[in-house]
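Student: next come a sequence and a model predicted from it.
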Amino acid sequence: EPWHVGDCLGGKYGVFGLTEGGFGRVLFADHAETGARYALKTLRRPHLRNAETVRRFTAEATRWLQLGLHPHVVRCYGIEWIAAQPFLVMEYVEGGRTLMEEILDSPPDWRRTLSRALQLAQALAFCERVAGLIHGDIKPLNILITPEGAVKVTDFGISYARFHETDASPQAGTPGYCAPELLEGHRRSTASDVYAFGMTLWQSASGKVPRTETDAAGVKPDVGAMVPDMPEAFARLIMACVSNDSTDRPGSFAHLTNDLILLHQHLLGEAASQDLTDFRIIGRSEAAANAHNLSDAFLTLENYTLAADLARRAIEIEPDYWLGHDALARALIGLQRHAEAVAALGPALALAPADPQLHALLAQARLQVGREAEALAALREAIRLARAAATMGCLDMASATIVTLLAPEEAVEVHDEIIRANPAANSAWIGRTAILRLLNRDDAALENARATVDLYPASALAWGALSSVLADLGDDGAALEAIERALGYDAATPSLHAQKCLVLFKIGRPEDGRKQLVNALSTWPDSATLRQLAGLSDARTS
């Protein structure tokens with residue numbers, strides 16, 4: 001695993017702690033500029049090679065982001081790719097511990113369990129109402145407790161929104177908390193989440209570990225008998241939640257919340273809030289920043305339509321919020337609406353004229369609408385501003401534009417500056433390989449490409465660049481192996497399929513190459529790269 005305590009991720013996050021399991025890791029880090037603390041969830045390196053696993057990871061980010069704010073749900077700020085590895089940026093709960101740790105460290109206390117139960121039900125009712133979300137893995141390890149005693153639900157890794165998603169993992173979950181119907185092959189549901197909720201309360205109240213046998217008819221000991229001082233009404237609610245018959249369980253977390261509020265007031269003599277959806281009033285600036293943060297996250301997830309809508313919301317709330325205009329321009333570029341992106345960058349540059357990334361974006365958008373001379377002027381201004389501010393690393397995002405607009409020798413120098421400023425500049429490393437190939441500096445290109453895959457072994461584009469260099473050098477077998485590795489990491493990029501076709505043609509396997517091309521065109525019929533390759537293939541054949 002590449003990241004450890006003391007490392008700095010992407011020149012941005014200083015790691016001060018971590019925790020890990022067999023599937024993922026969570027790194028705790030301080031932001032280099034703001035000092036704010038975050039929890040950064042990522043996949044363990046072996047799982048990065050599985051495209052479906054990475055897709056599910058980014059889907060988790062999408063669902064979590066769409067939930068919005070609630071005091072009993074760990075906040076998700078967005079997703080970032082650092083060194084070709086996805087990181088879910090989450091709220092860091094200072095001094096927090098899991099409910100499991102609390103159960104192990106403290107004697108059972110039904111009063112504490114009732115307090116935790118109400119907060120947990122409120123969180124799950126919010127998820128149910130806002131997104132129709134089935135959590136799928138409710139258990140003490142996925143519930144954080146703050147030093148003040150507040151509950152925060154986390155880990156939506158196997159959740160799904162029943163309104164618009166298909167549950168592909170009906171038996172996902174943790175033994176001991178899985179409802180009997182899941183073990184019989186039925187789909188997850190609110191009822192199965194209620195069962196896991198009940199088993200979590202059963203464990204918290206009794207201090208006992210749930211049975212993990214896969215016997216769907218297993219009988220749970222009555223928690224009231226195990227905890228003699230527990231009020232009968234509370235014990236009855238817990239046992240109703242863990243009924244083997246799903247129809248005997250409470251029908252929703254909204255109903256559970258109401259029942260628990262009444263128990264809370266009757267048994268503890270304390271009033272409890274019934275609706276914590278709008279738990280605080282935020283000002284216009286914070287609301288605009290929140291909309292922008294969400295837009296930025298959906299840009300990373302390549303959901304450009306939603307990113308554009310959120311950016312427009314940020315601008316509507318705060319017209320002079322330049323980051324909103326910036327996010328709108330980037331979303332429009334993602335939607336291939338480059339003329340609109342040029343227009344959107346006007347207000348952004350008026351508000352932040354010294355930001356080099358805005359000028360680089362303007363260069364990219366102008367280039368796409370055929371205004372090459374103006375694009376070059378914008379790129380040179382971006383480089384000038386970045387040099388003056390000693391922030392050349394921020395131009396990693398402009399690598400492709402630099403390769404296109406600058407003469408190769410100058411482009412190499414600029415890429416060298418970017419990499420010196422930001423050694424984790426993934427795009428710049430890949431772009432540098434492309435430039436060295438243009439200059440026919442084959443040995444240097446190979447050295448750069450190998451260094452890139454060493455730095456970013458899960459980057460499909462890095463392996464694709466290495467494949468190109470190996471093909472140039474006539475190492476056909478290694479070129480094919482490298483492009484296969486690229487497609488193993490990312491099978492959804494048409495240009496990588498086109499590159500595999502070219503390698504197959506080059507090594508004397510034209511039938512395999514044509515088959516690969518036909519399959520790729522059936523998936524991406526509008527891909528200009530694939531269509532151009534098809535034309536060349538037809539001409540060569542005839």
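Tutor: Received, thanks. Residues are numbered from 1 along each chain as shown.

Student: quick check: chain neighbours aside, which residue is closest to Y92?
Tutor: By the measure of C-beta to C-beta, 6 or more residues apart in numbering, the closest residue to Y92 outside its immediate chain neighbours is R37, 4.1 Å from it. Just so you know, the C-beta spots here come from the backbone N, C-alpha and C atoms, and that holds for glycine as well.

Student: burial measure for the one you found, as a count.
Tutor: A count of nearby residues for R37, using other C-beta atoms under 10 Å, gives 17.

Student: how about it, what does it touch?
Tutor: F28, A29, D30, H31, Y92, E94 (C-beta atoms under 8 Å, 6 or more residues apart in numbering).

Student: tell me which two of those residues sit farthest apart.
Tutor: Within the contacts of R37, H31 and E94 form the most distant pair, 14.3 Å apart (C-beta to C-beta).

Student: which of the two has more residues huddled nearby?
Tutor: Under the criterion of other C-beta under 10 Å, the comparison of H31 against E94 puts H31 first, with 13 against 9.

Student: tell me the pLDDT at the more buried one?
Tutor: pLDDT recorded at H31 is 90.

Student: next, it: phi, psi?
Tutor: Note on H31: its backbone torsions stand at phi -70, psi 130 [degrees, to the nearest 10].

Student: that one pairs with what?
Tutor: Y13 (DSSP bridges).

Student: was I right about it contacting Y13?
Tutor: Yes. Applying C-beta atoms under 8 Å, one finds H31 in contact with Y13, separated by 6.2 Å.

Student: common neighbours of those two, please.
Tutor: In contact with both H31 and Y13: Y38, using C-beta under 8 Å, 6+ apart.

Student: what's the first helix or strand after whatever helix or strand R116 lives in?
Tutor: Assigning secondary structure by DSSP states H and E places R116 in helix 110-131. Following helix 110-131 in sequence order, the next helix or strand is strand 133-134 (DSSP H and E).

Student: tell me the spacing between A288 and N258.
Tutor: 35 Å (C-beta to C-beta, to the nearest Å).

Student: between those two, which one's more packed in?
Tutor: Taking A288 and N258 together and counting by other C-beta under 10 Å, A288 has the greater number of neighbours (22 against 15).

Student: isn't that one right up against H325?
Tutor: No. With contact defined as C-beta under 8 Å, A288 does not count as touching H325 (11.2 Å).

Student: next, show the common contact partners of the two.
Tutor: With C-beta under 8 Å, 6+ apart, A288 and H325 have common neighbours I315.

Student: picking that back up, using CSV, write out every CA atom in the helix holding R116.
Tutor: Output of helix 110-131 as CSV, limited to C-alpha atoms (Å, rounded to 0.1, in the frame of the first residue of the first chain):
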residue,chain,number,x,y,z
TRP,A,110,-30.3,0.3,28.2
ARG,A,111,-30.7,4.1,28.7
ARG,A,112,-27.6,4.8,26.6
THR,A,113,-28.9,2.2,24.0
LEU,A,114,-32.3,4.1,23.8
SER,A,115,-30.5,7.4,23.2
ARG,A,116,-28.3,5.8,20.5
ALA,A,117,-31.4,4.0,19.0
LEU,A,118,-33.3,7.3,18.5
GLN,A,119,-30.5,9.1,16.8
LEU,A,120,-29.7,6.1,14.6
ALA,A,121,-33.4,5.8,13.6
GLN,A,122,-33.6,9.5,12.8
ALA,A,123,-30.5,9.1,10.5
LEU,A,124,-31.9,6.1,8.7
ALA,A,125,-35.4,7.7,8.4
PHE,A,126,-33.7,10.7,6.7
CYS,A,127,-31.8,8.4,4.3
GLU,A,128,-35.1,6.6,3.6
ARG,A,129,-37.0,9.8,3.0
VAL,A,130,-34.5,11.8,1.0
ALA,A,131,-33.1,9.0,-1.3
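
Student: same question for it, mean pLDDT?
Tutor: So the average pLDDT for helix 110-131 ends up being 90.

Student: how distant is that helix from the center of its chain?
Tutor: Relative to its parent chain, helix 110-131 has a centroid offset of 25 Å by C-alpha atoms, centre = their mean, to the nearest Å.

Student: packing partners for it?
Tutor: For helix 110-131, the packing partners by 3 or more C-beta pairs under 8 Å, 6 or more residues apart in numbering; DSSP states H and E come out as helix 51-67, strand 143-145, strand 151-153, helix 190-206, helix 253-263.

Student: thanks again, I'm all set now.
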